[in-house]
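[1] 3D, please:
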Amino acid sequence: MYALIYEHAEVVKLLLDSGAAVNAADIAGNTAVTYAAMEDNTDALRQLGARGAELDARVESGQTPLMLAAREGKSAAVRTLIDLGANVALSDGYGRTAGELAHQKGHSDIAAVLKRAEARRRVPVSTDPAS
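    Numbering: from 1, shown residues only. Next comes the predicted model:
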């Protein structure tokens, strides 16, 4: 996990190529995705996502990497997690979504990105081939 914190992309790749458990967590529930999100490390997030890492794993507080990144103003990580398919509608133990956390911390740009992502998620998809 230190390779993620210190943004050693080549070490992250080597570990993943060697079969490192992408969803391993520390005692507080932090996974590699959590650390990458908190460090705004989009390269690592993409590598982990490509290896099937759980994007919505929760830490002890019930927050996901997306919520933590949004709360801390890590805009590149937020956008990358959304692109990888993180669930923008999840809420923490207090009922707060990533967008609400961003808004509470004054990250209005991130809150707007999350609001748009949630709106896109709710757009109904027609299964009628005639439409």
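[2] longest single helix anywhere in this protein?
    What stands out as the longest helix in the chain, according to DSSP state H, is helix 108-122.
[3] mind listing what residue 49 touches?
    Applying C-beta atoms under 8 Å, 6 or more residues apart in numbering, one finds that residue 49 lies in contact with 33, 55, 84, 85. (Glycine included, C-beta is placed from N, CA and C.)
[4] what strand or helix carries it?
    Secondary structure from DSSP states H and E places residue 49 in helix 42-50.
[5] average pLDDT across that helix?
    Across helix 42-50, pLDDT averages out at 92.
[6] show me which residues of the helix or strand following that helix are buried.
    Next along the chain after helix 42-50, taking DSSP H and E as the criterion, comes helix 65-72. Within helix 65-72, the residues scored as buried using 16 or more other C-beta atoms under 10 Å are 65, 66, 67, 68, 69, 70, 71, 72.
[7] residue 117: which of the residues you listed is nearest?
    Residue 117 lies nearest to residue 66 out of these, by C-beta to C-beta, at 9.6 Å.
[8] per-residue pLDDT of the closest one, please?
    Listed pLDDT for residue 66 reads 98.
[9] try residue 130
    For residue 130, the pLDDT comes out at 55.
[10] would you mark the buried spots in the helix holding residue 49?
    Neighbour-count burial for helix 42-50 flags 42, 44, 45, 47, 48, 49 (criterion: 16+ other C-beta under 10 Å).
[11] ok, now stretch 11-27?
    Residues 12, 15, 16, 22, 25 are the ones in stretch 11-27 that count as buried (16+ other C-beta under 10 Å).
[12] what is the end-to-end distance of that stretch?
    Start-to-end span of stretch 11-27 (C-alpha to C-alpha, to the nearest Å) is 23 Å.
[13] how about residues contacting it?
    With contacts defined as C-beta under 8 Å, 6+ apart, stretch 11-27 is touched by 1, 3-4, 31-33, 43-44, 47-48, 51-54, 57.
[14] do the same with stretch 51-65
    With contact meaning C-beta under 8 Å, 6+ apart, stretch 51-65 is reached by 16, 22-23, 25, 28-34, 36-38, 49, 66, 68, 71, 77, 81, 84-87, 90, 92-94, 98, 101.
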